[in-house]
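Student: dropping the sequence and predicted coords here.
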Amino acid sequence: MGILDKLDMSNRIDKGEYERRLAEGQRRLFQLRLHIGGLMGGSGLGPGLLVLMEGPDASGKGGAIKATVGHLDPRHFKVVSYAKPTPQEKNHHFLWRFYRELPGLGEMAVFDRSWYGRVLVERVEGFATKTEWKRAYEAIVDFEESLCLESIILVKFWMHVSDEEQLRRFEGRAADPLKRWKLTDEDWRNRDKNRTYEEAAEEMFERTAHPLAPWDVIGGEQKRYARVAVLETVIKRVEEGMARWGMDVPQHVDELDAVQ
């Protein structure tokens, strides 16, 4: 059985717990963000923070991104969405187009889709040859390890959703004039390839997880649970990364207030 086969999709939280954990998590991440940005704590700039979001269509990536960064000062982060490469980008190594948006020391970025497209959509749809996408695993791990050792905390998410829930969300988007733009003919066609994409994802997990940047796989069947799970996981990974970087992980600001 693969990771997705064993994933618990039954997790649920009620609205009250969601609002409490969301508020607590957002406040804690804000504090950590100020520390690694050199704006709190007096230790200077820390590493950059890069969060990658992958997963099937309508798995909740956008909502999780909003829950994670929506409360932060917009000067302190950027969100970059990646689609198919441009003709110019195709003329370069597949990792080239991502370099320009990587966060520097003390900065933060969220990538909605990423270089993992080479071993997911480009593999499944035949946009990369078998030789190219098989070669990409080692290139990706080498790239990520270099980033993590030199300048970045890297957090990698796969948001997962069942076929039934995905269909319900697709139908909801189709019925809402303000969300209809999110739904394309390609999204509907991709549903027929869900098992093929899952097979590619399982190999991706196996071959690109490493100690500096493991995969965090989140069951997104309930949006409330998934958003809180992503936020709390980012906090955990940032604290681990700060410790690895040699930074003191600050006590929660609310706990400090209570002591004072």
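Tutor: Thanks, I have the structure now.

Student: going forward, measure contacts between C-alpha atoms and count neighbours the same way
Tutor: Noted.

Student: centroid residue for this structure?
Tutor: The chain has Met53 as the residue nearest its centroid, 2.7 Å off, counting by C-alpha atoms, centre = their mean.

Student: below-threshold pLDDT in this structure: ranges please.
Tutor: Within the chain, the ranges that satisfy pLDDT under 70 run 255-260.

Student: all strands of it, in order?
Tutor: Using DSSP state E, the strands of the chain run over 48-54, 78-81, 108-112, 152-160, 215-219.

Student: output those as TSV; include the columns distance to Lys61.
Tutor: Formatted as TSV, these follow (distance: least, C-alpha to C-alpha, whole Å):
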stretch	distance to Lys61
strand 48-54	6
strand 78-81	11
strand 108-112	7
strand 152-160	7
strand 215-219	10
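
Student: those: which one's closest to Arg12?
Tutor: strand 215-219 (10.0 Å; C-alpha to C-alpha).

Student: name the residues that touch that closest one?
Tutor: Under the contact criterion C-alpha atoms under 8 Å, 6 or more residues apart in numbering, strand 215-219 has outside partners 7-9, 11, 155-161, 205, 209, 226, 229-230, 233.

Student: with stretch 115-128 instead?
Tutor: With contacts defined as C-alpha under 8 Å, 6+ apart, stretch 115-128 is touched by 54, 94-95, 98, 129-130, 133-134, 136-137, 140, 196-197, 200-201, 204.

Student: and Lys61, what does it touch?
Tutor: Contacts of Lys61 were listed using C-alpha under 8 Å, 6+ apart, and they are 53-55, 112, 159.

Student: of all the residues you listed, which comes closest to Lys182?
Tutor: For those, with Lys182 as the reference and C-alpha to C-alpha as the criterion, the closest is Asp112, at 13.8 Å.

Student: which residues pair with the closest one across the strands?
Tutor: Met53, Ser81 (DSSP bridges).

Student: how near is it to Asn190?
Tutor: For Asp112, the distance to Asn190 equals 18 Å [C-alpha to C-alpha, to the nearest Å].

Student: circling back: tabulate the contacts of Lys61 (TSV), appending distance to Glu24.
Tutor: Below are the contacts of Lys61 laid out as TSV (distance: C-alpha to C-alpha, whole Å):
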residue	distance to Glu24
Met53	22
Glu54	25
Gly55	26
Asp112	24
Met159	22
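
Student: tell me which two in these are the farthest apart.
Tutor: In the contacts of Lys61, two members sit farther apart than any others by C-alpha to C-alpha. They are Asp112 and Met159, at 11.4 Å.

Student: mutual contacts of those two, please.
Tutor: Residues touching both Asp112 and Met159 comprise 53-54, 61, with contact defined as C-alpha under 8 Å, 6+ apart.

Student: can you show me the helices along the protein?
Tutor: Taking DSSP state H to define them, one finds helices in the chain at 3-6, 15-36, 61-69, 87-90, 96-99, 121-124, 130-150, 163-175, 185-190, 194-208, 223-245, 253-259.

Student: what residues sit buried inside the first one?
Tutor: Neighbour-count burial for helix 3-6 flags Leu4 (criterion: 16 or more other C-alpha atoms under 10 Å).

Student: can I get the CA coordinates of it in PDB?
Tutor: Written as PDB, here are the backbone C-alpha positions of helix 3-6 (Å, rounded to 0.1, in the frame of the first residue of the first chain):
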ATOM      1  CA  ILE A   3       1.000   6.600   1.300                       C
ATOM      2  CA  LEU A   4      -2.300   7.700  -0.300                       C
ATOM      3  CA  ASP A   5      -3.900   4.400   0.300                       C
ATOM      4  CA  LYS A   6      -3.100   4.600   4.000                       C
END
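
Student: fine, thanks again, bye for now.
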